[in-house]
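In: below is the structure, and that's it, no one-letter string:
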């Protein structure tokens, strides 16, 4: 690195950038996706590139994609992650099942409203009262887990039992996760719409610009007149809506409302966000990269399933790969002067 002092006293620096690091930072996770495509074709020839396998893989990651879109907003705002996502997913699904006797659409609205209310509570606590986002959301997740188990006595609830007098609503509820449009599952279409909306909001709206400033430097955002409390509350509500949509689909897939339906989605969503190039420091990354992170998780899991890797070993492999990629992205960002 060489430094040149200009006449006005400022220091102009020319940073020598490693071409490989620059390439990795620009193409990011999609380079990994290409590698996984090649790897999948090598380890599972005749199986990996079949229509059935591709369809199964895409459908499997659709629910994670929904959750990850909302989680990306939390991370982008420099609030790390929402660790209450599992109970938001489970609670919204259970509320939808519990209110199916009112009809299909009322049950969906009730589920979304219930999840959004949880997001509002977290948004107010973190945004207005400056609670630590990780500690608060983890504690809130435990509290909601206790409340949900107490309400339903720790048991599962079933659509056909709850709404036995409204079987049409039950059939519609169970069908939403099994319905396709032009051969594409509805859950995948919903996920893609959410990704597009998230990308537009973050990239092309004034709220996205405010969120970038808030995530980059909270105090600067506050002093510049941005209503940071409003931004953070909206982030958590949006995140909860995304998790609630996933929760309703998940309850439909399982034909069951259960307190454990959202287990593991918090970790996988955060991992997808980080793999996609966002940083816990906030204010960096984009939804296109985050979507790539979701695809990577789906492809990696699919490859391991095809070659018969046991579930616990899959977690080990994913953890190692994710830690390496996160380290690589962080290291490349630092060398590019953005870390």
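Out: Cool, the structure landed. Just so it is clear, the structure is predicted and the values come from calculations on it, not from any experiment. Residues are numbered from 1 along each chain as shown.
In: now do the SS call for residue 79.
Out: Assigned with DSSP: H, G, I helix; E, B strand; the rest coil, residue 79 falls in the coil class.
In: my bad, should have said residue 154
Out: Reducing the assignment to helix, strand or coil with three-state DSSP, the entry for residue 154 is coil.
In: find the residue closest to it in space, skipping its chain neighbours.
Out: For residue 154, the nearest residue in space outside its immediate sequence neighbours is residue 259; the separation is 7.2 Å by CB to CB, 6 or more residues apart in numbering. From N, CA and C alone the C-beta is placed, and that goes for glycine too.
In: what's the answer for residue 165, then?
Out: On the basis of CB to CB, 6+ apart, the spatially nearest residue to residue 165 that is not a chain neighbour turns out to be residue 101, at 6.5 Å.
In: what of residue 258?
Out: With CB to CB, 6+ apart as the measure, residue 156 is the residue that lies nearest to residue 258, at 4.5 Å, once sequence neighbours are left out.
In: can you get me a residue count around residue 260?
Out: For residue 260, the neighbour count with other CB atoms under 10 Å is 15.
In: contact partners of stretch 189-209?
Out: With contact meaning CB atoms under 8 Å, 6 or more residues apart in numbering, stretch 189-209 is reached by 61-63, 65-66, 69, 72-73, 76, 181, 211-212, 231, 234, 242, 245, 249, 286-288, 290-291.
In: now, the residues you listed that are in helices?
Out: Among these, the subset assigned to helices under DSSP state H consists of 61-63, 65-66, 69, 72-73, 76, 211-212, 231, 234, 242, 245, 249, 287-288, 290-291.
In: hmm, which of these are the buried ones?
Out: When burial is judged by neighbour count using 16 or more other CB atoms under 10 Å, the buried members of those are 61-63, 65-66, 69, 72-73, 76, 211-212, 231, 234, 242, 245, 249, 287-288, 290-291.
In: residues contacting the most centrally placed residue in the chain?
Out: Nearest to the mean C-alpha position of the chain, counting by CA atoms, centre = their mean, stands residue 68 at 1.0 Å. Residue 68 sits next to 268-269, 272-273, 290, 293-294 when contact means CB under 8 Å, 6+ apart.
In: and it, how far from residue 81?
Out: Here residue 68 is placed at a distance of 11 Å from residue 81 (CB to CB, to the nearest Å).
In: mutual contacts of the two, please.
Out: 269, 273.
In: count the residues that sit near residue 267.
Out: If you count neighbours by other CB under 10 Å, residue 267 ends up with 17.
In: many thanks, have a good one.
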